[in-house]
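Undergrad: okay, here's the prediction I keep looking at, along with the sequence it came from:
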Amino acid sequence: MTKIGLEIHCQLTNLESKLFCSCKANYREFKINENICPICMGLPGSLPRLNQEAVKKATIIAMALNCTTPDKIAFFRKNYFYPDLPKNFQITQLNIYGDTSIGGTGSVTIDNKKIRITRIQLEEDPGRLIYEGSSSKNLITLVDYNRAGTPLVEIVTEPDFESPKQVREFLNILSDLLENIGVSDPSLDGAMRADANVSIEGGKKVEIKNIGSFHDLEKAVHFEITRQESLHSRDIQIIQETRHWDDKRKITVSSRSKEEDLDYRYFLEGDIPWIIIDPEIQKELKSKMPESIISKKERYISKFNIPPQVADVLSSDKFYSDLFEESHTNDNAKEIANIITTDLMGLVDTREKREESKITATHLRDLSDSIQSGKISRNSAKNALYEIVKTGKDLSQVISKLDLGNVSDESELSEIIQEVISEEPQAVKEAKSNSQTINYLVGKVMQKTKGKADPKLTLDLLKKQIE
Ligand SMILES: [Zn+2]
């Protein structure tokens, strides 16, 4: 049986500062090597100071993944030389004197399949290497240290996945979960990365690193399974090694023999004492944990009678579920869920569009009220929404600017209905005995009013006039 395990790195992007200094955690807004200080550059004599908020956020992740949370944590130095690591060691965690990393064993169940979590650790992200030209033939490599020291959480799973598809589904759910609990924005470039280890039946464990996106991870795992199976079928031994994903050629290539923990000469970080986690703080964090995506989805279905597919989309995306939570009441919940998932989603389908979008909970409430009271049609609401997202204007302003209001003046509507009646004598005859045909006539009135006739009033008037 194929076994796949993951090491997922998630940046705590919602923090103000780096893990051990006061440089900004949001390194993305800086010019190269401008977001650095003696601590994150590892200059001699500098001392790390632990970001307490990072400890809290990492604890929340551990709790959300049902991991144990120790009352005492320790940091270790992982020694290795690489240009993106200015100190020549990374401050990370290790469970060698008992469980001293931020999260112990836990599990997540997805579609009845239990994925065990081995541990969760809090560590610093290294800097970033920038290659001039392609990575295989580059002549110049530049280093940007802005990212060095950014708070990073590593989530290690047991090899419980059996297919690339399972891996992909888990990562999608995990990234929704991390966004939902407010610790990370997975849509930011590089905020979530993952390495995988793959072994086929009777083979050795092969680690795949350097995978740029979750989409590529699925491909890399798929490639690696095929490669190992092909070797196995020809009786060629599979060696335990680390392989890199070559993004251009879409294959994995051997990079070095795998380092063992011993090679890293781990030892306790002497500049940071053992940290006692106050049980009261743990209790407080637990009590403030946001509702899980699963229970949110169940609540939407049972309380508001929202269809499961709609509830699924709505609950798993924080942007939409926050808007929904702020705007809905018992009476309009279904209508608002409908507006968000059918119309709004198409208008704000990228990060940039969401940031630029001017939509608020009040807009959604006004829109659903206006639809329910027959002031505007669903079709007009769609047009209004487009204008609102763009300009942020009040719905009433948008309705008058675009002339979207329903025709609800009886005499005006009666005239239009008379026109339709004279143009459609056959349908009028049929409509007297067939209720389906009357809908056809309503449709004709809608066409003439460009969808702005109040549907209920139109139906009432039509019934009266054809009798
Ligand atoms: Zn710094």
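TA: Thanks, I have the structure now. Numbering: from 1, shown residues only.

Undergrad: what helix or strand is whatever residue of the stretch 251-400 of the chain ends up closest to the ion located in?
TA: For the stretch 251-400 of the chain, the residue closest to the ion is residue 271, as judged by Cβ to the ion, at 14.6 Å. Where C-beta positions appear, they are placed from N, C-alpha and C, glycine not excepted. Secondary structure from DSSP states H and E places residue 271 outside every helix and strand.

Undergrad: that one touches residue 47, doesn't it?
TA: Yes - proximity of residue 271 to residue 47 meets the contact threshold set by Cβ atoms under 8 Å, at 5.3 Å.

Undergrad: how about the residues of the protein by the ion?
TA: 21, 23, 37, 39, 40 (Cβ under 5 Å from the ion).

Undergrad: distance of the closest residue to the ion within the stretch 51-200 of the chain relative to residue 21?
TA: Closest contact between the stretch 51-200 of the chain and the ion, by Cβ to the ion, is at residue 149 (5.5 Å). Note on residue 149: its distance to residue 21, by Cβ to Cβ, to the nearest Å, is 6 Å.

Undergrad: those two: who's more crowded?
TA: residue 149 (32 against 21; other Cβ atoms under 10 Å).

Undergrad: and that one, that one's in a helix?
TA: No - using DSSP: H, G, I helix; E, B strand; the rest coil, the assignment for residue 149 is coil, not a helix.

Undergrad: OK, contacts around it?
TA: 18, 19, 20, 21, 23, 39, 40, 124, 125 (Cβ atoms under 8 Å, 6 or more residues apart in numbering).

Undergrad: let me see the mean pLDDT of stretch 144-152.
TA: For stretch 144-152, mean pLDDT rounds to 97.

Undergrad: quick one: terminal-to-terminal distance for that stretch?
TA: 17 Å (Cα to Cα, to the nearest Å).

Undergrad: now it: how far from the chain's centre is it?
TA: Averaging C-alpha positions (Cα atoms, centre = their mean, to the nearest Å) puts stretch 144-152 22 Å from its chain's average.

Undergrad: same thing with stretch 69-84?
TA: The answer for stretch 69-84 is 27 Å, by Cα atoms, centre = their mean.

Undergrad: stretch 62-81 too?
TA: For stretch 62-81, the distance to the chain centre is 24 Å (Cα atoms, centre = their mean).

Undergrad: which parts of that stretch are buried?
TA: 62-65, 67, 69-70, 73-78 (16 or more other Cβ atoms under 10 Å).

Undergrad: elements contacting whichever helix in the chain runs longest?
TA: Taking DSSP state H as the criterion, the chain has its longest helix at helix 214-233. Judged by 3 or more Cβ pairs under 8 Å, 6 or more residues apart in numbering; DSSP states H and E, the packing partners of helix 214-233 are helix 164-180, strand 192-199, strand 206-209, strand 241-246, strand 251-256.

Undergrad: got the buried residues for it?
TA: 214, 216-225, 227-228.

Undergrad: same check, this time on stretch 283-296
TA: 285, 293, 296.

Undergrad: how about stretch 235-249?
TA: Under 16+ other Cβ under 10 Å, the buried positions of stretch 235-249 are 238, 242, 243, 244, 245, 246, 247.

Undergrad: ok, now stretch 45-60?
TA: 46, 48, 50, 51, 54, 55, 56, 57, 58, 59, 60.

Undergrad: now it, how far from the centre of its chain.
TA: So, by Cα atoms, centre = their mean, the centroid of stretch 45-60 is 24 Å from its chain's centroid.

Undergrad: let's see that stretch as PDB, backbone CA atoms only.
TA: Coordinates of each C-alpha in stretch 45-60 appear next as PDB, following Å, rounded to 0.1, in the frame of the first residue of the first chain:
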ATOM      1  CA  GLY A  45      25.800  39.400  20.500                       C
ATOM      2  CA  SER A  46      22.100  39.700  19.400                       C
ATOM      3  CA  LEU A  47      19.600  37.900  21.500                       C
ATOM      4  CA  PRO A  48      16.200  36.500  20.500                       C
ATOM      5  CA  ARG A  49      13.000  37.600  22.300                       C
ATOM      6  CA  LEU A  50      10.000  35.400  21.900                       C
ATOM      7  CA  ASN A  51       6.800  36.800  20.400                       C
ATOM      8  CA  GLN A  52       4.100  35.800  22.800                       C
ATOM      9  CA  GLU A  53       1.300  36.200  20.300                       C
ATOM     10  CA  ALA A  54       3.000  33.700  18.100                       C
ATOM     11  CA  VAL A  55       2.900  31.100  20.900                       C
ATOM     12  CA  LYS A  56      -0.800  31.800  21.300                       C
ATOM     13  CA  LYS A  57      -1.600  31.500  17.600                       C
ATOM     14  CA  ALA A  58       0.400  28.300  17.300                       C
ATOM     15  CA  THR A  59      -1.400  26.900  20.300                       C
ATOM     16  CA  ILE A  60      -4.700  27.700  18.600                       C
END
